[in-house]
Each structure stands twice: as C-alpha cells, then as structure tokens.
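Novice: Provide a 3D model corresponding to the input given below.
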Amino acid sequence: MNYKKVLNKIENGEITSQDALNQLYPVKVSKPGKRATYIKMNVNVPEEGKGVNTFLKILFMIPIPMIFARMGLRFAGRFIKDDSVDMSEIRKLLKYSKNTTINVDSKDAQVKIKII
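Specialist: Model (predicted):
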C-alpha cells in the first residue's frame, strides 16, 4: 500500500499506528529450510595426546544419521539440570538446518559439527 494513503488514514484517525505499520510492512511467513539427514563431527582434545584424538577421529569418521542425533539429544536432556537449555527447541532447530556448521572452541576441546 502507498505510504501517503496510510499517512492520510492516520491523520484522519481511521487507523492506529500499529495498523499502519502492519499495512506498510506485512509480516512474511518464512518457509522452513531443507531437512537435514546427517551430522558430521570433528572433536579435538589438545591436552590429551595423539591416541585420544585418533580414537575420536575414528569414532566420528562416519556421519551420524539425524535420527540417532535426535535420540542422543533426548537422552542428554535427562541429565541437563540447567532450565535455560530447552532440548526440544534444539531438536527442532537441527531438523531443518541443512548446510550449517557449528564451531565450539573451549579450553578443554575443539568441536566442529557440520549438519548435512
């Protein structure tokens, strides 16, 4: 809608400012992204040594199917005592987040998660 018409309606008292905002900038509903199928992980623990890092590379060499990742999140949700972390929201986020890379750097380990 033309902004001049909307401003005239506000001036005449026909609509409120919130209605004018909704007319000028309508809310667009976004489509969900593509559905993810696998998760690829790289874990590096710098302090441990070469043997532990080699074991972790072999363990996470094959991409993990998304169904196992969701089951793991459901299982992990039982042990998290922090109320600010909602595991159901994380599961929903992972479901439609194809081609996403997550890098976690901490003093204990470096984790790279790629959702494919």
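Novice: tell me where the protein has helices.
Specialist: Ranges of helices within the chain are 3-12, 17-24, 50-59, 66-77, 87-95, based on DSSP state H.
Novice: quick one: contacts for the most centrally placed residue in the chain?
Specialist: What sits nearest the mean C-alpha location of the chain, by CA atoms, centre = their mean, is residue 93, with 4.3 Å. Going by CB atoms under 8 Å, 6 or more residues apart in numbering, residue 93 touches no other residue. For every residue, glycine as well, the C-beta is placed using N, CA and C.
Novice: and it, how far is that from residue 87?
Specialist: 10 Å (CB to CB, to the nearest Å).
Novice: identify the residues contacting residue 46.
Specialist: 109, 110.
Novice: against residue 59, how distant is it?
Specialist: 17 Å.
Novice: residues near residue 113, how many?
Specialist: Per other CB atoms under 10 Å, the neighbour tally for residue 113 reads 18.
Novice: what about residue 8, neighbour count?
Specialist: Neighbour count of residue 8, defined by other CB under 10 Å: 11.
Novice: just the one 5 residues further on next, same as before
Specialist: Summarising burial for residue 13: neighbours were counted as other CB under 10 Å, giving 7.
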